[in-house]
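**Q** Just need the structure, nothing else, for what follows:
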Amino acid sequence: MSDQDGTETDPAYSRWDQQPAIGRRGLILAVVIPVLIAAAGFGVVTLISEGTDTAATAIKVPTGDWIPGQPTGSKPIQGTLAVNAQHCVYLKNPSGELWPVWPAGFRARLDSTGKVSLYDGKDHLVARDGEGVQATGMFTSPANFAGETCLPANDEVAVVQSEVSRVG
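**A** Take a look at the predicted model:
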């Protein structure tokens, strides 16, 4: 094909002269619509989860330095997991109350109803309030754990030196 002045031109048009595949309105919609969908999804999740009370308060439990893989103690330590008004975790058993010093990394959470849950160093649930637990370890003076919370002043404490398992 030739031009008016007789020069040859390429019949294909320049790629720079093409209209964009999506206009300004399309670009705006491509950004706004996913944002609106995500906001609506978060709104639905919030509305659904409003009725559930999953808030739990972390409470500190006395811990020692025993970690899995170390030698274990030989004295049985067992009882039912409980928490007192001062948010101290202890074990109830037929002979009275045991005040455990838990293995390294243990912690507890108190839910809104005042029930306690005990977790190991890997954040696995060990037991809940009212459930029985058993372990082995040794009994010693609380003076050996000065600075730890929730230990009696005079009675012996049960130092847990084994894995803690749920019973019953």
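
**Q** any idea how far the most centrally placed residue in the chain lies from residue 117?
**A** Closest residue to the average C-alpha location of the chain: residue 123 at 6.7 Å, with CA atoms, centre = their mean. With distances taken as CB to CB, to the nearest Å, residue 123 is found 11 Å from residue 117. C-beta coordinates here come from the backbone N, C-alpha and C atoms, glycine included.

**Q** Residue 22 now?
**A** For residue 22, the distance to residue 117 - CB to CB - is 53 Å.

**Q** Comparing the two, which residue is more hemmed in?
**A** Shown here are residue 22 and residue 117; by other CB atoms under 10 Å, residue 117 has more neighbours (20 against 10).

**Q** Which SSE is immediately downstream of the one helix or strand that one maps to?
**A** Residue 117 is part of strand 116-119, with elements assigned from DSSP states H and E. Downstream of strand 116-119, the first helix or strand assigned by DSSP H and E is strand 125-128.

**Q** Tell me which other helices or strands that following strand touches.
**A** strand 116-119, strand 165-167 (3 or more CB pairs under 8 Å, 6 or more residues apart in numbering; DSSP states H and E).

**Q** List just the one of those strands that sits closest to residue 150.
**A** strand 116-119 (11.6 Å; CB to CB).

**Q** So which bits of the closest one are buried?
**A** Across strand 116-119, burial judged by 16 or more other CB atoms under 10 Å covers 116-119.

**Q** nearest to residue 100, of the residues you listed?
**A** Scanning the buried residues of strand 116-119 for proximity to residue 100, where the rule is CB to CB, the winner is residue 118, at 9.6 Å.
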